[in-house]
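Participant: Here is my input, please return the structure:
(one chain, ligands or ions: 3)
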Amino acid sequence: MDRKEHIEKVVQWLKDKVSEAHAKGLIVGVSGGIDSAVVSYLIKKACPENSMGVIMSIKSNPKDREDALKVIEGCNIEYLDLELAEPQNMILDLVTEKLREKNLLKEEYLRMTDANLRARIRMSTIYTVANDLGYLVVGTDNAAEIHTGYFTKHGDGGVDLLPLANLTKREVFEWAKELGVHEDIINKAPSAGLWEGQTDENEMGTTYDYIDAVVEGRRDEVPKEHLEIIDRLHRNSEHKRHTAPTPPKF
Ligand SMILES: Nc1ncnc2c1ncn2[C@@H]1O[C@H](COP(=O)(O)OP(=O)(O)OC[C@H]2O[C@@H]([n+]3cccc(C(=O)O)c3)[C@H](O)[C@@H]2O)[C@@H](O)[C@H]1O
Ligand SMILES: Nc1ncnc2c1ncn2[C@@H]1O[C@H](COP(=O)(O)OP(=O)(O)OP(=O)(O)O)[C@@H](O)[C@H]1O
Ligand SMILES: [Mg+2]
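Facilitator: Residues are numbered from 1 along each chain as shown. Ligands and ions are numbered 1, 2, ... in the order given. The predicted model follows:
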């Protein structure tokens, strides 16, 4: 199937999901990164009059917000621009203060706790908008991120639909070019933007090319040390790809 046709099939799938759910439209968080750029273009195609992008800055790099605005403008989607640092800080301060008082705070985990809370504040915020508009929340995870569990459970992973779930990261880039996403977004390194200088590949210790190769069953093309990293990420994140375990009926 050629790329244009593949895109049209996924757009039709989004339309079908809206209709099956008796929903009114689709909504996505727009970060200024490539995955949410592609999803923004797809949902605008699926629901031209009933789609929305939400920018949710939390101690974010201002350049990411500018890139998010380029996406919004590029696909001409309705949007909200929200600054969420205050509510996020409020919860983080409250919890850390109480844990500190009881000598329970694990300072070494704080950066990740802060990062994951940002993703979960965004999830709560976008569902607040989605509830009110009757829209479904569209996630941006691709096959490489799902395979490695490189997302926050119930954060950016807390969504209703995952249109990019079968695409490798390379294919996401190809779709971005096909859809006409701004080149500033195509040219920057994928990042969760959760701390200064963070990039996906640095944090994971491997590359999207290698993860894509594993996802596509080309394990023989991946050096052993990278296979070990990717297999460990996959194993440790198994719980993220399932609903919560339940005990048997005793
Ligand atoms: N075996 C198990 N069975 C059931 N649940 C299990 C579990 N092990 C941990 N858990 C639960 O899962 C939690 C850990 O998972 P989680 O909270 O997701 O946290 P975690 O996987 O530690 O961190 C999230 C990762 O995703 C990255 N990320 C986040 C957001 C966006 C992006 C991006 O690409 O934009 C990337 C982030 O940089 C980080 O590397 C634990 O606190 C525990 O509650
Ligand atoms: N500042 C933000 N505003 C709105 N949504 C955000 C923001 N940061 C993250 N998100 C949401 O979380 C998702 C996961 O982030 P992720 O970094 O994996 O994707 P991306 O930024 O779109 O692509 P890239 O891989 O290029 O960084 C985003 O696609 C977006 O939906
Ligand atoms: Mg990003």
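
Participant: ok, now which ones touch the residue in the chain that ligand 2 sits nearest to?
Facilitator: When scored by CB to the nearest ligand atom, the chain has residue 33 as its residue closest to ligand 2, at 2.0 Å. Using the backbone N, CA and C atoms, a C-beta is placed for each residue, glycine as well. By CB atoms under 8 Å, 6 or more residues apart in numbering, the contact set of residue 33 is 64, 67, 185, 188, 190, 191, 193.

Participant: Just the buried ones from those?
Facilitator: Neighbour counting by 16 or more other CB atoms under 10 Å classes 64, 67, 185, 190, 191, 193 among the contacts of residue 33 as buried.

Participant: what residues are up against the fifth one?
Facilitator: In other words, residue 191. Neighbouring residues of residue 191 by CB under 8 Å, 6+ apart: 33, 198, 199, 200.

Participant: now do the second one
Facilitator: Neighbouring residues of residue 67 by CB under 8 Å, 6+ apart: 32, 33, 182, 184, 185, 188.

Participant: so of those residues, which ones are in helices?
Facilitator: Counting by DSSP state H, these place 184, 185 in helices.

Participant: okay, the contacts of residue 67 in a markdown table with pLDDT and distance to residue 241 next?
Facilitator: Output for these, formatted as a markdown table (pLDDT from 0 to 100; distance: CB to CB, whole Å):
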| residue | pLDDT | distance to residue 241 |
| --- | --- | --- |
| 32 | 97 | 27 |
| 33 | 97 | 22 |
| 182 | 97 | 32 |
| 184 | 95 | 32 |
| 185 | 97 | 28 |
| 188 | 94 | 28 |
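
Participant: Which parts of the protein are strands?
Facilitator: 25-29, 51-57, 78-83, 135-137 (DSSP state E).

Participant: neighbouring contacts of the longest one?
Facilitator: It stands for strand 51-57. 25-32, 36, 40, 43-44, 64-65, 68-69, 71-72, 77-85, 121-122, 125-126, 129, 133, 135.

Participant: in its sheet, what does that strand sit against?
Facilitator: Looking at strand 51-57 with DSSP bridges, its partner strands are strand 25-29 (parallel), strand 78-83 (parallel).

Participant: Quick one: residues in contact with the shortest one.
Facilitator: Yep, that's strand 25-29 we're talking about. For strand 25-29, contacts defined as CB under 8 Å, 6+ apart pick out 14, 18, 36, 39-40, 43, 46-47, 49-56, 122, 126, 129-130, 133-140, 156, 161.

Participant: Helices along the chain, start to end?
Facilitator: Applying DSSP H to the chain gives helices spanning 3-20, 34-46, 62-75, 85-101, 110-133, 143-148, 169-179, 183-186, 200-204, 208-215, 224-236.

Participant: Go through these and name the closest to residue 243.
Facilitator: With CB to CB as the measure, helix 143-148 is the member of the helices of the chain nearest residue 243 (14.8 Å).

Participant: who does that closest one touch, helix- and strand-wise?
Facilitator: helix 208-215, helix 224-236 (3 or more CB pairs under 8 Å, 6 or more residues apart in numbering; DSSP states H and E).

Participant: residues from the protein in reach of ligand 2?
Facilitator: Those residues of the chain that sit near ligand 2, judged by CB under 6 Å from any ligand atom, are 28-31, 33-36, 54-57, 60, 64, 122, 140, 156, 190-193.

Participant: For ligand 3, see how far away the most centrally placed residue in the chain is.
Facilitator: Central residue of the chain (CA atoms, centre = their mean): residue 140, 4.3 Å from the mean position. Remark: distance between residue 140 and ligand 3 (CB to the ion, to the nearest Å) = 9 Å.

Participant: how about the residues of this protein near ligand 1?
Facilitator: Counting by CB under 6 Å from any ligand atom, the chain comes close to ligand 1 at 112, 115-116, 119, 150-153, 155-156, 192, 194, 200, 203, 239.

Participant: Now restrict those to buried residues only.
Facilitator: Buried, going by 16+ other CB under 10 Å: 115, 116, 119, 150, 151, 152, 155, 156, 192, 194, 200, out of these.
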